[in-house]
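[1] following is a predicted model, sequence given first.
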Amino acid sequence: MRQRKSILLILLICTIGLVVLYYYAPTSSSFYPKCLFKKLSGYNCSFCGMLRGLHALTHGHVLQAIRLNAMFVIAIPVAAVGLANEAQLLNTNSPLRRWYIKNVTLKNVVIVLLAWWLIRNILGI
């Protein structure tokens, strides 16, 4: 029961965040955070363009979102599958399986983010 309340609270917070993002564009609203890495180095980090891309997605502009941060658009369905897998793991009593999947997944995510960071700055994507 407590787990279900936590999930509902997370969904509520995400929904509120998406509503705010829908009505207030990151390019014209000053309360969104700026990328410190880009400000200091001039290079894009792996996350640059995510807020603008999500804003574009909330308005149905998929191609614009891909231009802003393609990895983020690809990551949305991957994250959904990961969350579904996590929900399934909560129903199993296998701590070793849970530990293995979380650690392998974390390593893979770090590798992909580092690769994306290099590719987008080398190729200028």
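    Perfect, thanks for sending it. Residues are numbered from 1 along each chain as shown.
[2] which residues does whichever strand or helix holds L21 contact?
    In the assignment (DSSP states H and E), L21 maps to helix 2-23. Applying Cβ atoms under 8 Å, 6 or more residues apart in numbering, the contact partners of helix 2-23 are L51, L54, H55, T58, H59, L90. Any C-beta I mention is one placed from the backbone N, CA and C, and that applies to glycine too.
[3] you'd agree S46 is up against L113?
    Yes. Between S46 and L113 there is a contact under Cβ atoms under 8 Å: 4.4 Å.
[4] shared neighbours of these two, anything?
    Both S46 and L113 are in contact with M71, where contact means Cβ under 8 Å, 6+ apart.
[5] for this protein, which helix is longest?
    If you go by DSSP state H, the chain has its longest helix at helix 95-122.
[6] kindly provide the distance from V78 to N121.
    Note on V78: its distance to N121, by Cβ to Cβ, to the nearest Å, is 22 Å.
[7] more neighbours, the two?
    Legend: neighbour count by other Cβ atoms under 10 Å for V78 and N121, higher for N121 (16 against 12).
[8] quick one, what contacts the more buried one?
    N121 makes contact with Y43, N44, according to Cβ under 8 Å, 6+ apart.
[9] low pLDDT regions in this structure?
    1, 3, 88-102 (pLDDT under 70).
[10] before we move on, the earlier item: quick check on the contacts of helix 2-23: which are buried?
    Buried members of the contacts of helix 2-23, counted by 16 or more other Cβ atoms under 10 Å: L51, L54, H55.
[11] could those residues be laid out in JSON lines, adding distance to I125?
    Compiled in JSON lines, these are given as follows (distance: Cβ to Cβ, whole Å):
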{"residue": "L51", "distance to I125": "18"}
{"residue": "L54", "distance to I125": "18"}
{"residue": "H55", "distance to I125": "19"}
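[12] for the residue most central in space within the chain, which non-adjacent residue is closest in space?
    The centroid of the chain falls nearest to F72 when counting by Cα atoms, centre = their mean (5.8 Å). Spatial nearest neighbour of F72, chain neighbours left out: M50 (4.8 Å); criterion: Cβ to Cβ, 6 or more residues apart in numbering.
[13] tell me the contacts of the one you found?
    M50 touches L68, N69, F72, counting by Cβ under 8 Å, 6+ apart.
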